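*Asks:* Model the structure of this input:
(2 chains)
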Protein chains: 2
Amino acid sequence: MTETQGTASPSRRALIGWGGAGLALGAAAAGSAVAMTRTGNDVDPAGTATGVAVDFHGAHQAGIATPVQDRLHFAAFDVQTDDRAEFVQMLKDWTAAARRMTAGRTVGDGAYGGLPEAPPDDTGESLGLKPSRLTLTIGFGPSFFEKFGLADKRPEALVDLPQFPGDNLDKSRTGGDLCIQACADDPQVAVHAIRNLARIGFGKVAVRWSQLGFGKTSSTTPDAQTPRNLMGFKDGTRNIAGTETDRLKKFVWAGEGDGPDWMTGGSYLVARRIRMNIETWDRTSLQEQEDVFGRDKGEGAPVGKAKEHDEPFLKAMKPDAHVRLAHPDSNGGVTILRRGYSFTDGTDGLGRLDAGLFFLAYQRDIRRGFIPLQRKLSATDALNEYIQHVGSAVFAIPPGVRDKDDWWGRSLLTEEA
Amino acid sequence: MTETQGTASPSRRALIGWGGAGLALGAAAAGSAVAMTRTGNDVDPAGTATGVAVDFHGAHQAGIATPVQDRLHFAAFDVQTDDRAEFVQMLKDWTAAARRMTAGRTVGDGAYGGLPEAPPDDTGESLGLKPSRLTLTIGFGPSFFEKFGLADKRPEALVDLPQFPGDNLDKSRTGGDLCIQACADDPQVAVHAIRNLARIGFGKVAVRWSQLGFGKTSSTTPDAQTPRNLMGFKDGTRNIAGTETDRLKKFVWAGEGDGPDWMTGGSYLVARRIRMNIETWDRTSLQEQEDVFGRDKGEGAPVGKAKEHDEPFLKAMKPDAHVRLAHPDSNGGVTILRRGYSFTDGTDGLGRLDAGLFFLAYQRDIRRGFIPLQRKLSATDALNEYIQHVGSAVFAIPPGVRDKDDWWGRSLLTEEA
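*Replies:* Have a look, this model is predicted:
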């Protein structure tokens, strides 16, 4: 299974698993030249210390049930090559690089001190930084299955989203053949990872769009403080926790018989760029804001209750309150795992903050997760006056990479599979 | 003087100075409703712990000599009002808000639990977060002095920059009547600060452009690990340290007689958005990369030397090496305090990473700091093949706010001054 705890410090792993270029050997000493690992850290049993490494291997990909890291760099790619063998080799190269980067190591052994006439194996900006709980999670979009003769492998659960009321999607922020979600507690580590994968993929894939997120808006750690979104409200109070094995199995992981075998242990991701009309919201009364959410702003308690985690009494809320409409009890039990991040991408041409929520939700089946939920929300949610969905994508997230011989997408792309 | 050390924990300050809405009184308890301070932290004597507050008051503004925080949100504003009294009142309101936010408090006392029919005094997304060493630094651009009859107050040192070879400036990322530099160790705290100042300024000023930075590229703490820029090289090895009082006085602070009295204790800021041609750089050989910088990539040692902090032997470098050309010895001693941040603003229309360095440099006089340096670099630096200056602005940074009765810009805008 996916380890959400770091199971070995990078230095230890480097020494045991890959034979010794780790910092324990003093590789950073002047003159010895080759500094192959980033600075390590001791293991934190709770898996939430910023320094540790998260295990790349497991039945599920890391970055879903993993306690949410502080920063995001998400990239959607389009495939440029028609050569299946070349593409498979790229996935293998990506996997090897991801395995090393998540462990806090550089992409290749010849990063510095390699051949001077060759470009370095690693771009270098994360050298000296901690592993920072980096996770890298790959996904395949609907358009990917039009390539390489894979049409019959497309899962039924990976549907194209319908047009929802109010959608105002920007094509340049929508879709993609592939995605990589990089999460880490240090943004430079996340950016470094996406950049190096893009570099390895040069000529085979190209970045279609990307998104940085700076403040997690949902926690998958139940005892942690609930983060606030850019509307100032606590968000994700009742999210699925990474430790809730039963709920993960029921709502997040694709099980045997759910669809094609290659997806067993995987999940489905919906990504939505949700712009907030910050300036309008900020001039709205506290009462209206609290009515819209169905919670009080300071404590985060549901209407009529005292504490954030008190069970909401939905009928005490306005009929169009966001919490009421989105609650599983209002949706036949529908539950998704949210892993979104706040974003601020500067200012638009009118001097307004281009900011909002980059919504990421994992689920067992999009048809029974995001779609029914968003059908209801897009039609009736009071929040719609203050938000707009401007980007959208869906991806099939394959199961985890099991060991050092396995690679991203093997179950989908191996002929025998 | 500007305190770069946090001098009091927010909880203590709240109790002593502002009479007690602090978390020490348990304001977060359910039912008591008003949670006015963010989570506090003990004071770190070195001033580099992420949680502490940096003193807002001092002879110089904080955010210049302060040990560089991890994250940046920088905003340039244009003035919309013609009413000097209204503008001065906004500066006073900004100052009051900045004083509170840097101390880890919300903007107003009526943030939550205020009048339900009024918008909250604070947008709320930083509630529960630590002060995070937030600093807020204001500046006045050349165009500001065309307003309010201030033309004769414009310092001669605040010159418009010439057009440098290779400049490719985007007007929408250039100029501005005012700037606010928000630095903090938590990006949500920096974004919250800019947003709330923009909100307070509504109708009086409008955001012209803004920039987020996620990885500091220069340190002003000499014993800290030198950060790396997105080219993977250590940057700012020989920067002015916040503790070097003599060099600060010589190169950074405007002294008496340097210009108008209202600037004494202030400084001058040059901001440049420098896009890096990441994809080209990443395909360049290690030898070429090291030749361009004049340092080795792994350790950061100058050409021919073993350690990062070894004195460079400039003649050992290529004549167009960046370190050689930018070194004070090559520029008659010219030295600037750099405080730049890496940025990644997604992807451009061609699938290339829109990334680089948001360069921020403070100096005593732009005519003897950035201009001669950039004249040389723009003409001959080997780095120019891989970078492009795409945004530019200069600002006069007034002296610090001395006490609770003082306000940003008072020395400039008070009639008697």
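*Asks:* separation between residue A:346 and residue A:340?
*Replies:* 20 Å (C-beta to C-beta, to the nearest Å). All C-beta atoms are positioned from the backbone trio N, CA, C, and that covers glycine.
*Asks:* neighbour-wise, which of these two wins?
*Replies:* Higher neighbour count among residue A:346 and residue A:340: residue A:340, with 25 against 19, using other C-beta atoms under 10 Å in any protein chain shown.
*Asks:* For that one, report the pLDDT, please.
*Replies:* Listed pLDDT for residue A:340 reads 94.
*Asks:* ok, it touching residue A:273?
*Replies:* No: using C-beta atoms under 8 Å, residue A:340 is not in contact with residue A:273; the gap is 10.1 Å.
*Asks:* what residues do those two have in common as contacts?
*Replies:* Jointly contacting residue A:340 and residue A:273 under the rule C-beta atoms under 8 Å, 6 or more residues apart in numbering or on different chains are A:358, A:359.
*Asks:* So which bits of the stretch 51-200 of chain A are right by chain B?
*Replies:* A:71, A:73, A:75, A:111-120, A:122-128, A:172, A:187-188, A:191, A:195, A:198-199 (C-beta under 8 Å from any C-beta of the partner chain).
*Asks:* Quick check, central residue of chain A?
*Replies:* residue A:181 (4.4 Å; C-alpha atoms, centre = their mean).
*Asks:* With adjacent residues omitted, what lies nearest to it?
*Replies:* Distances taken as C-beta to C-beta, 6 or more residues apart in numbering or on different chains place residue A:137 nearest to residue A:181, at 4.3 Å, with adjacent residues excluded.
*Asks:* related to what we said a few turns ago, point out the other helices and strands that the helix or strand where the residue nearest to the centre of chain A lies packs with.
*Replies:* Using DSSP states H and E, residue A:181 sits in strand A:178-184. Where contact means 3 or more C-beta pairs under 8 Å, 6 or more residues apart in numbering or on different chains; DSSP states H and E, strand A:178-184 is packed against strand A:71-79, strand A:135-140, helix A:187-200, strand A:267-276, strand A:387-397.
*Asks:* Lowest mean pLDDT among the helices and strands, pick that one out for chain A.
*Replies:* helix A:10-17 (a mean of 30; mean pLDDT, DSSP states H and E).
*Asks:* So which elements touch the longest helix along chain A?
*Replies:* Longest helix in chain A, counting residues (DSSP state H): helix A:84-102. Here helix A:84-102 touches strand A:135-140, helix A:187-200, helix A:410-413, going by 3+ C-beta pairs under 8 Å, 6+ apart.
*Asks:* got the CA coordinates for the first one in CSV?
*Replies:* Right, strand A:135-140. What follows is strand A:135-140 as a C-alpha-only set of coordinates in CSV (Å, rounded to 0.1, in the frame of the first residue of the first chain):
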residue,chain,number,x,y,z
THR,A,135,4.9,13.2,-4.1
LEU,A,136,4.5,12.8,-7.9
THR,A,137,1.2,11.4,-9.2
ILE,A,138,0.6,10.6,-12.9
GLY,A,139,-2.8,10.5,-14.7
PHE,A,140,-4.1,9.8,-18.2
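*Asks:* and that strand, how far out from the chain's middle?
*Replies:* Here strand A:135-140 is found 8 Å from its chain centre; the criterion is C-alpha atoms, centre = their mean, to the nearest Å.
*Asks:* Summarise which helices and strands that strand is packed against.
*Replies:* Counting contacts by 3+ C-beta pairs under 8 Å, 6+ apart, strand A:135-140 packs against helix A:84-102, strand A:178-184, strand A:387-397.
*Asks:* tell me the most buried of these?
*Replies:* Of all the helices and strands packed on strand A:135-140, strand A:178-184 has the most neighbours on average by mean count of other C-beta atoms under 10 Å in any protein chain shown, namely a mean of 28.
*Asks:* if you average pLDDT over that strand, what comes out?
*Replies:* On average, strand A:178-184 scores 97.
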